[in-house]
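Asker: Provided below are the primary sequence and the corresponding predicted coordinates.
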Amino acid sequence: MAITIDDGPNPYYTKQVLAIFKAVSGKATFFMVGEQMAKYPEMVEAVIIAGHEIGNHSYSHPMMTKLSAADCHEEVKRTEQLIVNMTGKLPKLFRPPYLDYNQDTQQIIKKFNYRVIGALNFDATDWEMPGVEHIVTKSYNHTSNGSILLFHDGFGNRSQTIEAVSVLVRRLVSEGYQFVTVSELLQMEK
């Protein structure tokens, strides 16, 4: 199973996510926002050192379908350059902010050879702070071998998300699940 973490890095919440996965010897995929990467390069480094994957989540987190083709391309390219500069690796994955994309944005993203990654538990709405129980229950309802789940470590108070991820990860490990990166899940080359 793959757990994905969007909108960071964040110096407070990303550290907590790293601790959760370290405790269970699991890996996650962090879809990072370029502006946040530029603000917190030490957190990008911590994610890489811990062996997690970084995917592209745009530079400024806009609604991609509201941008011109040139601006959409620039959002993806700027973050790709940051990821390469900070990790030495080209990212393979892209998640559009708000999962907002259409054929036009898909064509632009395709030029970067990215796989566009969604998630099953969009109804958990962790970004709205609906309560730990809600986040856990809605996310657990989407768990099975091969699931990709979505959570957030950036843009606001993420304390409910952190607690929910901690509860969910421990529960799923006790049920025999292992946490791998999205690329590992999809058996993509590293």
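Answerer: That came through fine.

Asker: make it CA atoms for all contacts and neighbour counts henceforth
Answerer: OK.

Asker: look at residue 55 and give its secondary structure.
Answerer: What DSSP: H, G, I helix; E, B strand; the rest coil gives for residue 55 is strand.

Asker: the closest residue to it other than its chain neighbours sits in which helix or strand?
Answerer: Spatially, and ignoring its direct neighbours in sequence, residue 55 is nearest to residue 31 (4.4 Å; Cα to Cα, 6 or more residues apart in numbering). Here residue 31 sits within strand 29-32, counting by DSSP states H and E.

Asker: against which helices or strands is that strand packed?
Answerer: Packing partners of strand 29-32 (3 or more Cα pairs under 8 Å, 6 or more residues apart in numbering; DSSP states H and E): strand 2-6, strand 53-56.

Asker: partners of the longest one, with directions?
Answerer: For strand 2-6, the paired strands and their directions (DSSP bridges) are strand 29-32 (parallel), strand 148-152 (parallel).

Asker: re earlier: mind putting the helices and strands packed on strand 29-32 in a markdown table, mean neighbour count, distance to residue 120 and mean pLDDT included?
Answerer: Below are the helices and strands packed on strand 29-32 laid out as a markdown table (neighbours: other Cα atoms under 10 Å; distance: least, Cα to Cα, whole Å; pLDDT from 0 to 100):
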| stretch | mean neighbour count | distance to residue 120 | mean pLDDT |
| --- | --- | --- | --- |
| strand 2-6 | 24 | 11 | 98 |
| strand 53-56 | 27 | 17 | 98 |
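
Asker: tell me the pLDDT at residue 187?
Answerer: At residue 187, the model reports a pLDDT of 86.

Asker: how near is it to residue 87?
Answerer: Distance, residue 187 to residue 87, by Cα to Cα, to the nearest Å: 20 Å.

Asker: who has more neighbours out of the two?
Answerer: Using other Cα atoms under 10 Å, the more surrounded residue of residue 187 and residue 87 is residue 87, with 17 against 9.

Asker: so where's the chain shaky on pLDDT?
Answerer: Regions of the chain meeting the criterion pLDDT under 70 cover residues 188-190.

Asker: distance of the nearest residue in space to residue 163 that is not next to it in sequence from residue 13?
Answerer: Of all residues not flanking residue 163 in the chain, residue 132 sits nearest, at 6.6 Å (Cα to Cα, 6+ apart). Distance, residue 132 to residue 13, by Cα to Cα: 15 Å.

Asker: residue 179 now?
Answerer: Going from residue 179 to residue 13 by Cα to Cα gives 19 Å.

Asker: swap in residue 169?
Answerer: 16 Å.

Asker: list the buried residues for the longest helix seen in the chain?
Answerer: Ranked by residue count and defined by DSSP state H, the top helix of the chain is helix 69-87. Neighbour counts over helix 69-87 (16 or more other Cα atoms under 10 Å) mark 72-73, 75-83, 86-87 as buried.

Asker: do the same with stretch 39-50
Answerer: Buried residues in stretch 39-50 (16+ other Cα under 10 Å): 41, 43-44, 47, 50.

Asker: equivalent analysis for stretch 182-189, please.
Answerer: Buried, per 16+ other Cα under 10 Å, within stretch 182-189: 182-184.
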